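>>> Pasting a predicted model and its sequence here:
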Amino acid sequence: MDQIFSLRQVFERRIRSGQKFVAIFIDFAVAFESVHRESMWKTMLVDGIPTKIVNILRNYYEGAECSVWVYGKFTDSFNVTIVCSTRLHPVPDDP
C-alpha cells in the first residue's frame, strides 16, 4: 500500500506542476511466468526496443532480490527465480 501512496504522490506533483510524465506498469509475475527470457530480450531488440531499455529490464529482472515480512520483521533476502512453465523456441542470433 505504501508504494501506491508514493506513486500517487509523484503523479499528483507532476500534474500540479504541469510536467509531462509517462508511467509504465509491468506485471512481472505474468510477464515472466511462461516466457523464455533470453528469447524475449532478443525479440524486444528485433522489434526495435532500444538496447538501453532492454538492458534496464534485463538488469532489473536478473538482479531481483526480495524478502518477506514475517512476524514484524523481514527475512534475509533471497534471489528471485521463476521456473518457466512453457519454453518458447529461442530467436535466432541473426534476425
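Yep, that arrived.
>>> Now residue 65. Its backbone dihedrals?
Phi and psi for residue 65, reported as degrees, to the nearest 10, are phi -130, psi 160.
>>> now swap in residue 66 and tell me
The phi/psi pair for residue 66 (degrees, to the nearest 10) reads phi -150, psi 170.
>>> measure it to residue 57 for me?
Distance from residue 66 to residue 57, counting by C-beta to C-beta, to the nearest Å: 17 Å. No exception for glycine: its C-beta is placed from N, CA and C like everyone else's.
>>> which one of these two has more residues nearby?
Legend: neighbour count by other C-beta atoms under 10 Å for residue 66 and residue 57, higher for residue 57 (18 against 10).
>>> What is the least confident helix or strand in the chain?
Lowest by mean pLDDT, DSSP states H and E among the helices and strands of the chain is helix 28-33, with a mean of 58.
>>> how about the helix or strand following that helix: buried residues?
Note on helix 28-33: by DSSP states H and E, the next helix or strand toward the C-terminus is helix 37-46. Burial within helix 37-46, assessed by neighbour count using 16 or more other C-beta atoms under 10 Å, is assigned to 37, 40-45.
>>> for stretch 53-68, same thing?
Quick answer for stretch 53-68 (16+ other C-beta under 10 Å): 54, 57-58, 61.
>>> What is the burial count for residue 14?
Neighbours of residue 14 (other C-beta under 10 Å): 13.
>>> Going by distance to residue 13, which of the buried residues of helix 37-46 wins?
residue 44 (30.9 Å; C-beta to C-beta).
>>> wait, doesn't that closest one sit right on residue 52?
No - at 11.5 Å, residue 44 and residue 52 do not qualify as touching, with contact defined as C-beta atoms under 8 Å.
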